[in-house]
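J.: structure of the sequence below:
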Amino acid sequence: MMGASVRNTDVSTFQKGIREAFKDAFDLILPYRCAICGNASDTEDRFTGYNRLYKDIYGVDPELHICGKCLSSFNILEEDKRWSLCLSDPRENDACPGLALYMPFTYQGIAGRAVPRIKFGKKKELARFLGCLLGSCIYGEDIRADLMVPVPLSPERLAERGFNQAEEIAYPASRLNDIPFADDLLTRIKDTKRQSELRDNTVRSKNVAGAFGVSGLWDVTGMTIVIVDDVVTTGATLHEAAEALYKAGASKVLCIAFAGNRYIKNAEPF
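T.: Predicted coordinates for the structure are as follows:
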């Protein structure tokens, strides 16, 4: 019986070796595909630095492949275009009228293709890559805070998608900037319609009104807090989240989005 067990183990090891060899040969025939455009990835040798960074953060190797064309298309906005006020349409009696937004990429071109792949193609690895890009941008701005907080999804949306893209983007950004990460600080207390499905700015604002609360496990009195989302359009979602933090006692809140379609600028706060 023991001999049979040993033979079975040998067979299993042999079969595993065959599968791995077949996979290596298969990869030579059919190369890795870009997570954004689907074309053959030709940047494997240029990803060694990212691979090390990813392993430092997550403890495992990444499973992400991006082609050279897509990789070279991530161009950060000029310095004077990265900052604006959070709301694209300022409100009367705004609770935080000077709320600043940092947005290093426009939501068109490569970012306009990448973010939907995350949301609707469930490309978590791609979200983490964007988070590393965002973290590098934040580091260059010398932004400091007590906490970094992702915009939360409702439980229903989280179950549907399987992960929160804002959380996946914010976490590596927080690690790269040594800002403590607080994924359970903000809570979604109201399920809302997708902002992307609403065209009218007033409707967007009403859709997220009162959508966020602050967990009773946290005391944010006097803290400086950064809120992170994937995309900003009108700024209503980030603004509502910031209001919740200010009401809970935060002394300063900064909003950050990886990308946005903000083409008309407000009076600059910086």
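J.: now the element after the host helix or strand of Arg117, going C-ward?
T.: Here Arg117 is covered by helix 109-121, with elements defined by DSSP states H and E. Downstream of helix 109-121, the next assigned helix or strand under DSSP H and E is helix 124-141.
J.: any idea how far the helix or strand that comes right after that next one is from the middle of the chain?
T.: Where DSSP H and E defines the elements, the next helix or strand beyond helix 124-141 is strand 147-150. Chain-centre distance of strand 147-150: 12 Å, with C-alpha atoms, centre = their mean, to the nearest Å.
J.: next helix or strand past strand 147-150?
T.: Toward the C-terminal end, the helix or strand that comes next after strand 147-150 (DSSP H and E) is helix 155-161.
J.: around Pro155, how many other residues sit close by?
T.: Residues lying near Pro155 (other C-beta atoms under 10 Å) number 11. Placement of C-beta: from N, CA and C, glycine included.
J.: look up how far Tyr54 lies from it.
T.: From Pro155 across to Tyr54, the span is 28 Å (C-beta to C-beta, to the nearest Å).
J.: do the same with Asp146
T.: According to C-beta to C-beta, Asp146 and Tyr54 sit 26 Å apart.
J.: settle it for me: which of these two has more neighbours?
T.: A direct count of neighbours by other C-beta under 10 Å for Asp146 and Tyr54 places Tyr54 higher, at 21 against 16.
J.: wouldn't the more buried one be in contact with Pro62 here?
T.: Yes: proximity of Tyr54 to Pro62 meets the contact threshold set by C-beta atoms under 8 Å, at 4.2 Å.
J.: need the residues touching each of these two.
T.: Residues touching both Tyr54 and Pro62 (C-beta atoms under 8 Å, 6 or more residues apart in numbering) are Arg128.
J.: neighbours of Leu153, how many?
T.: When neighbours are counted by other C-beta under 10 Å, Leu153 registers 19.
J.: for Met223, see how far away it is.
T.: 23 Å.
J.: going on from the helix or strand containing Leu238, what's the next piece of helix or strand?
T.: Using DSSP H and E, Leu238 sits in helix 236-247. Counting by DSSP H and E, the next helix or strand C-terminal to helix 236-247 is strand 252-260.
J.: now the angle from that following strand to helix 109-121?
T.: With axes from the mean of the first three to the mean of the last three C-alpha atoms, to 10 degrees defining the directions, strand 252-260 sits at 100 degrees from helix 109-121.
J.: check which helices and strands strand 252-260 sits against.
T.: With contacts defined as 3 or more C-beta pairs under 8 Å, 6 or more residues apart in numbering; DSSP states H and E, the packing partners of strand 252-260 are strand 100-102, strand 105-106, helix 109-121, helix 124-141, strand 224-232, helix 236-247.
J.: go with 7 Å
T.: Counting by 3 or more C-beta pairs under 7 Å, 6 or more residues apart in numbering; DSSP states H and E, the packing neighbours recorded for strand 252-260 are strand 100-102, strand 105-106, helix 124-141, strand 224-232, helix 236-247.
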